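K.L.:
Model the following, please.
(chains A and B)
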Protein chains: 2
Amino acid sequence: MEVTRANFRHVLPELNEVIDKAAFVAIDCELTGISTENNIYPCDRPEDAYRKINENSSGYILIQLGLTAVRASDEDPEKYSYRSYNFYVFPRLWKQSFKCQGSSMTFLAENGFDFVKLFRDGIPYCNQQQERELRERLEEKQKARGHILNCSEKDTSNHVPVPEDEKETLANIRKLVDEFLSSETETEKIINDCNGFQRKLIYEMLESDYSDKITASSRVENSFKVLVIEKKKSAEEELTIEQERRRNEQIELEESIGISAVMQKISKSGKLIVGHNMLLDLMHILRQCFGPLPTCFKEFKQYAHCIFPNIVDTKYVCTLPDIKCKIRNSILAHLVQTVSEEPFTPIKLEPECEDSKYSLSENKAHEAGYDSFLTATAFLGLMGHLKILPQSLANNNDKTRSFVNKIFLMRLQDVCYINLVGLEPKTSRDHVFHVTVPEVWRQSDLVNHFRSYGPIFVTWINQSSALISLQHRENSSIVLKTIGSYPGFKVQSLADFEESLEKRLHVNEDSVNPRKRKLESLTTPSEATTSKLNKRTKKKRKEKKDKTKVFDEVDDWS
Amino acid sequence: MEVTRANFRHVLPELNEVIDKAAFVAIDCELTGISTENNIYPCDRPEDAYRKINENSSGYILIQLGLTAVRASDEDPEKYSYRSYNFYVFPRLWKQSFKCQGSSMTFLAENGFDFVKLFRDGIPYCNQQQERELRERLEEKQKARGHILNCSEKDTSNHVPVPEDEKETLANIRKLVDEFLSSETETEKIINDCNGFQRKLIYEMLESDYSDKITASSRVENSFKVLVIEKKKSAEEELTIEQERRRNEQIELEESIGISAVMQKISKSGKLIVGHNMLLDLMHILRQCFGPLPTCFKEFKQYAHCIFPNIVDTKYVCTLPDIKCKIRNSILAHLVQTVSEEPFTPIKLEPECEDSKYSLSENKAHEAGYDSFLTATAFLGLMGHLKILPQSLANNNDKTRSFVNKIFLMRLQDVCYINLVGLEPKTSRDHVFHVTVPEVWRQSDLVNHFRSYGPIFVTWINQSSALISLQHRENSSIVLKTIGSYPGFKVQSLADFEESLEKRLHVNEDSVNPRKRKLESLTTPSEATTSKLNKRTKKKRKEKKDKTKVFDEVDDWS
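P.N.:
Modelled structure (predicted):
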């Protein structure tokens, strides 16, 4: 079911019920962008990856939230029914800016994303701090209004002096108002064709000379702001209007909290949340609906776990030994296809009703609602194969749930997940070295210098430095002792390199912004200061690639 | 005429001709956002306003460019014809991020802006530096390809070692390739259902073992990347393919330069450009199509003038004494209405053809093409009244052109324009004072303390400081000598305040980012560090307002 501002209030009670009855809730998000940086290295540890992903993704926003709530049948615990919702999410009244990537927006548009619906009818959101502020502000506003209603004292001290050339305009308006007051038939008078400054002057004139007889407000007519003047109501009339206004303000407040109310409901329910390759989705949901993410990795894990105590990432499940050997490609659509066939057990998942169903045969890939449906399907397939009942996962503490609360991490060599409820395995990075090389060196020169230690994996940082990982880790201890010297060629252990970097950062540290950036402060210099370097680096990288490239493409390892 | 990627190449030659024949070109832009800051003060000088607008607007992008080229009739120099174009402009392949404001996107969507068209078919742009880089990169790419075509040497030094669990996959692929090579009927072989890492391994295997018999490339089929294998062509076939490829690359290059080619054409033509309240539009066009804006005000003026030597801002023309008295509201739509009636002379402006015309009766406000048409109409109306022929403006140096190259500045008290070809009038700010007040003070306390100097205009900076402008400037010299003292109350001349600020900034100056921020470094603290302060400030401001507010709204003075 498509959900926008138009039907959100109507759908909310149903949603609360559906969440209460769910065995699990699968989610998927569409975002305005992913990252402009490509600075995650295979040798990074989970804490490095988190820090970088947090920095890279901040500023982008989630614009579509897919939610598929799956309920177990009362008769047959291996039979399930679902309802899918596709929410358009947008901060339509926001003056603050958010970030977009051109390529992401084009990708979504090409996949049928309805941006006009998004921008016009997206459901707002706010984090918990913003929600508190909204509530406080409304309370203050209502209090202030009460004060003005009961107060006859006038304070015109902040009025703008009327400039000479506006005096005639004001005199004309005064005449209009007097006519309006003496008319018995007219209920309101519209003053248009004024600029903002003139409207301000008129307001102030009305305030000082007519406040006991007139109320003024503004509205938009034919795209232009006009000023509306009405005769002052009786105390009873004013009270009725005030009550109506408060009711509307309460509705507006709830609309401003928007999608966050749904995520809060899921959080409070403690239900199992399922996503596929969900780290970014999770981070955006936490940011937009709950609060800013901690920079500290440990605090992030506690924070995420406290809000969603039971999470399964199906992409992580795909890395389990029992599963991995049966799946060639863990991209969501491939995965769903794989688990729908032998040797996986058939999935019994039926829609609960016509207006919140999807079908595997429709091609709605990259619609968040559809992708959350695919995720739910893949999850059921995987659990069926592992002989685990999803409805038991949230309440159990046995070994079968070892994959719960582990979030998949892309691109990392050693530990490919974040463990929200414990430590990740400690990995040695003794086999990783930082090298500085003469600018003319290419990949083959590096391979040549390291040839006695076996195959290496090279991650270029810039034109003259790279990270080298040995495939034969047992050779790590002899590298620094035996590698030959060459002018301009310098090899350091990764630990030594990071320590020296840390020291240099302490010397240069910006006292205003004490957040430390480690590796990337040298490796990904800011656009403004080093565009020249970047250009040279890119060119060099390209050359390095071209030199050995015969075929058209070297894929991103996604 | 609507112009997107689909018809841009087709329209370009016509456009070049239309620009050549034009008397002037009216422009208008739609942007992804305006500013999240509201830090322009009435007492600011043009250089302050420029610096702030430059900072506030950077990051947002122009997404629709309206262009109306107006030609004078050969028979009657007071009769004109026009062609309007509405370009969708978007960096669809950009990985870099740009900024948006929620409220701006909603505003555009509610005014019928077609975002799907924008994101799918927007015309790209690039500045001059980016254009040079694109050209260099293409040249390098073609050179490298030539090198590879003529080179049989293989360099496999950067190949990734094949992990144990991928060896079987590779063996299967090898079998497939051998079968394909021995088949006489098959012209290509598709390898699908591989992840990115597997595709990389396959590429490298093909490169090391099959590079003399096979070429491999990738394409997208049913939303998935597949690998396509073809038998190697003969030298002649390869050459034909290469020539075709270069032709396509040239077309792609021109498409990437996109809308910048149109703006370059206009720049080279030296034609008169007309806009309405056009500073932001001008800044965005310069940034996106030419290059980054200087931070120095003087350099900006030189830069803008060098690129567009003849500019008229109709909003500035509205401030000329002859015109001002006849115009009540200089918002574009109002202005067009005003100049279409007495005492303005009738405008003779006819469309040149059906597919690039607008009509004043259609409501297409906020479509850039339509707004550029309105601007052209308003300009003709204003010039008719001033008895000036637009076609003479670009070539003349007489007094009638005193308004040329003056760009309107909103919100400023003294000088409301930027003079691109000279200095703005020097304004004294001796009547402006910086005050520090106890946190409990309200507007009325300030008015009270300054009452002996006549009416004042108060601009709050934060909870405990404000700028005060005297209406009776002749009282400026006695303020500091005669104003009473009060605990926590401090008055400084603006000059003294700025000097002390400058000194404090020099002490704290961030050595990494030496760009100096003057006033707003204290007055608009960054979100991250002072959200608490901001919250308190906003609350206080609200209170200060509420205390004296009887009517619903105090307008922005736009």
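K.L.:
going forward, measure contacts between C-alpha atoms and count neighbours the same way
P.N.:
Will do.
K.L.:
hey, where'd the helices end up in the stretch 401-550 of chain A?
P.N.:
A:443-449, A:476-482, A:494-508, A:519-523, A:527-548 (DSSP state H, counting those that start in this stretch).
K.L.:
Parallel or antiparallel, which strands does the lengthiest strand in chain A pair with?
P.N.:
Longest strand in chain A, counting residues (DSSP state E): strand A:62-72. If you go by DSSP bridges, strand A:62-72 pairs up with strand A:24-31 (antiparallel), strand A:80-88 (antiparallel).
K.L.:
Just the CA coordinates for the first one, please, in CSV.
P.N.:
Meaning strand A:24-31. In CSV, the C-alpha atoms belonging to strand A:24-31 read as follows (Å, rounded to 0.1, in the frame of the first residue of the first chain):
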residue,chain,number,x,y,z
PHE,A,24,8.9,-9.8,12.1
VAL,A,25,9.0,-6.6,10.1
ALA,A,26,11.2,-6.4,7.0
ILE,A,27,12.4,-2.9,6.0
ASP,A,28,14.1,-1.3,3.1
CYS,A,29,15.0,2.4,2.4
GLU,A,30,15.6,4.5,-0.6
LEU,A,31,18.1,7.4,0.0
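K.L.:
Which element is encountered next along the chain beyond that strand?
P.N.:
helix A:46-57 (DSSP states H and E).
K.L.:
Point out the other helices and strands that that following helix packs with.
P.N.:
When contacts are defined as 3 or more C-alpha pairs under 8 Å, 6 or more residues apart in numbering or on different chains; DSSP states H and E, helix A:46-57 sits against helix A:279-289, helix A:297-307.
K.L.:
try it again with 10 Å
P.N.:
Counting contacts by 3 or more C-alpha pairs under 10 Å, 6 or more residues apart in numbering or on different chains; DSSP states H and E, helix A:46-57 packs against helix A:279-289, helix A:297-307, strand A:417-419.
K.L.:
right, is the first one up against chain B?
P.N.:
Read it as helix A:279-289. No: Helix A:279-289 is not in contact with chain B by C-alpha under 10 Å from any C-alpha of the partner chain; minimum separation 14.2 Å.
K.L.:
Can you list the helices and strands that that helix packs against?
P.N.:
So helix A:279-289, by 3+ C-alpha pairs under 10 Å, 6+ apart, packs with strand A:24-31, helix A:46-57, strand A:62-72, helix A:128-149, helix A:259-269, strand A:272-275, helix A:297-307, strand A:406-408.
K.L.:
how far does the shortest one sit from the chain's center?
P.N.:
Spelled out, it's strand A:406-408. Strand A:406-408 has its C-alpha centroid displaced from the chain centroid by 17 Å (C-alpha atoms, centre = their mean, to the nearest Å).
K.L.:
Okay, now the sheet partners of it, with direction.
P.N.:
strand A:417-419 (antiparallel).
K.L.:
Can you tell me the element the closest residue to residue A:378 other than its chain neighbours falls in?
P.N.:
Of all residues beyond its chain neighbours, the one nearest residue A:378 is residue A:336 (5.0 Å), with distances taken as C-alpha to C-alpha, 6 or more residues apart in numbering or on different chains. Following DSSP H and E, one finds residue A:336 within helix A:332-339.
K.L.:
Distance from the helix or strand just after that helix to the middle of the chain?
P.N.:
Using DSSP H and E, the helix or strand that follows helix A:332-339 in sequence is strand A:349-351. Between the mean C-alpha location of strand A:349-351 and the chain-wide mean there is a distance of 29 Å, by C-alpha atoms, centre = their mean.
K.L.:
which strands and helices sit next to strand A:349-351?
P.N.:
Packed next to strand A:349-351, using 3+ C-alpha pairs under 10 Å, 6+ apart, are strand A:62-72, strand A:80-88, helix A:368-386.
K.L.:
circling back to that earlier point, list the buried residues of the helix holding residue A:336.
P.N.:
Going by neighbour count (16 or more other C-alpha atoms under 10 Å in any protein chain shown), the buried part of helix A:332-339 is A:332-336, A:338-339.
K.L.:
Let me have the residues you listed in a markdown table, adding pLDDT as columns.
P.N.:
Formatted as a markdown table, these follow (pLDDT from 0 to 100):
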| residue | pLDDT |
| --- | --- |
| A:332 | 94 |
| A:333 | 91 |
| A:334 | 91 |
| A:335 | 94 |
| A:336 | 94 |
| A:338 | 94 |
| A:339 | 94 |
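K.L.:
which among these gets closest to residue A:372?
P.N.:
Minimum distance to residue A:372 across those is 10.0 Å, recorded for residue A:332 (C-alpha to C-alpha).
K.L.:
Show the pLDDT at the residue nearest to residue A:263 when sequence neighbours are not counted.
P.N.:
Distances taken as C-alpha to C-alpha, 6+ apart place residue A:289 nearest to residue A:263, at 6.8 Å, with adjacent residues excluded. For residue A:289, the model assigns a pLDDT of 96.
K.L.:
Residue A:265 is in contact with residue A:289, correct?
P.N.:
No: counting by C-alpha atoms under 10 Å, residue A:289 stays clear of residue A:265, with 11.1 Å between them.
K.L.:
Looking at the two now, which is surrounded by more residues?
P.N.:
Here residue A:289 and residue A:265 are set side by side on neighbour count (other C-alpha atoms under 10 Å in any protein chain shown), and the busier one is residue A:289, at 23 against 15.
K.L.:
Can you list the low-confidence ranges for the stretch 401-550 of chain A?
P.N.:
A:505-550 (pLDDT under 70).
K.L.:
again, 50 this time
P.N.:
A:509-550 (pLDDT under 50).
K.L.:
about what we covered before: dump the helices and strands packed on helix A:279-289 into JSON lines; add distance to residue A:380 as well.
P.N.:
JSON lines is the format used below for the helices and strands packed on helix A:279-289 (distance: least, C-alpha to C-alpha, whole Å):
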{"stretch": "strand A:24-31", "distance to residue A:380": "10"}
{"stretch": "helix A:46-57", "distance to residue A:380": "28"}
{"stretch": "strand A:62-72", "distance to residue A:380": "10"}
{"stretch": "helix A:128-149", "distance to residue A:380": "33"}
{"stretch": "helix A:259-269", "distance to residue A:380": "20"}
{"stretch": "strand A:272-275", "distance to residue A:380": "10"}
{"stretch": "helix A:297-307", "distance to residue A:380": "23"}
{"stretch": "strand A:406-408", "distance to residue A:380": "17"}
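K.L.:
In terms of mean pLDDT, which of these ranks lowest?
P.N.:
Among the helices and strands packed on helix A:279-289, helix A:128-149 carries the lowest mean pLDDT (a mean of 83).
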